[in-house]
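Asks: Okay, here's the prediction I keep looking at, along with the sequence it came from:
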Amino acid sequence: MQAHDFTLPDQDGKQHTLSDYHGKWVVLYFYPKDDTAGCTKEACSFRDNLSTLVSQNVVVVGVSADSPESHRHFINKYKLNFLLLSDESKEVIKQYDAWGKVIPSVQRKTYLIDPEGNIAKYYEKVNPENHAHTKEILSDLEHLNSTSK
């Protein structure tokens, strides 16, 4: 299934479009709120494992409904080394089914998008406590790359 293309601003207001990353794997993860316990754990896990992901041609992109200013603070506080995009209108969050229907808030979900822009894997109900999910993502990448050859 083709991933929905979108354009959203980063912490500096620079616009990023998903299709800009065509040719790379994209870990697109949605999270509830900057600088909260679970979201910090998840972001720091991606930060700490980014070089391994990058070596596999992966770009990490986090999305929440927080403002670009909130993202800037979060990035600086935890020295995050990947993109955080702001979806204050929640339009993209809803397109990716990451908006809670029972509890209206951003749900923690991750998509692995292949270099052609297709959703290769979907991780639902991500638990940040055991979401050093970079290991799972790397394992899935290895499997997906071996089956596509």
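Replies: Alright, I've got the coordinates.
Asks: Isn't Leu80 up against Arg47?
Replies: Yes - Leu80 is in contact with Arg47 according to Cβ atoms under 8 Å; the separation is 5.2 Å. All C-beta spots, glycine's among them, are computed from the backbone N, C-alpha and C.
Asks: ok, the two, which is more surrounded?
Replies: More crowded of Leu80 and Arg47, by other Cβ atoms under 10 Å: Leu80, with 21 against 16.
Asks: Let's verify that one: helix, strand, or coil?
Replies: coil (DSSP: H, G, I helix; E, B strand; the rest coil).
Asks: How much space separates it from Val60?
Replies: 9 Å (Cβ to Cβ, to the nearest Å).
Asks: Give me the common contacts of these two.
Replies: Phe46 (Cβ atoms under 8 Å, 6 or more residues apart in numbering).
Asks: and Val126, what is it in contact with?
Replies: Contacts of Val126 (Cβ under 8 Å, 6+ apart): 29, 42, 108-110, 133.
Asks: try 7 Å this time
Replies: If you count contacts by Cβ atoms under 7 Å, 6 or more residues apart in numbering, Val126 has them with 108-110, 133.
Asks: Columns pLDDT, neighbour count and distance to Asp97 on top of those residues, output as TSV?
Replies: Listed next are these as TSV, based on pLDDT from 0 to 100; neighbours: other Cβ atoms under 10 Å; distance: Cβ to Cβ, whole Å:
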residue	pLDDT	neighbour count	distance to Asp97
Arg108	90	21	12
Lys109	93	20	7
Thr110	94	24	12
His133	70	21	18
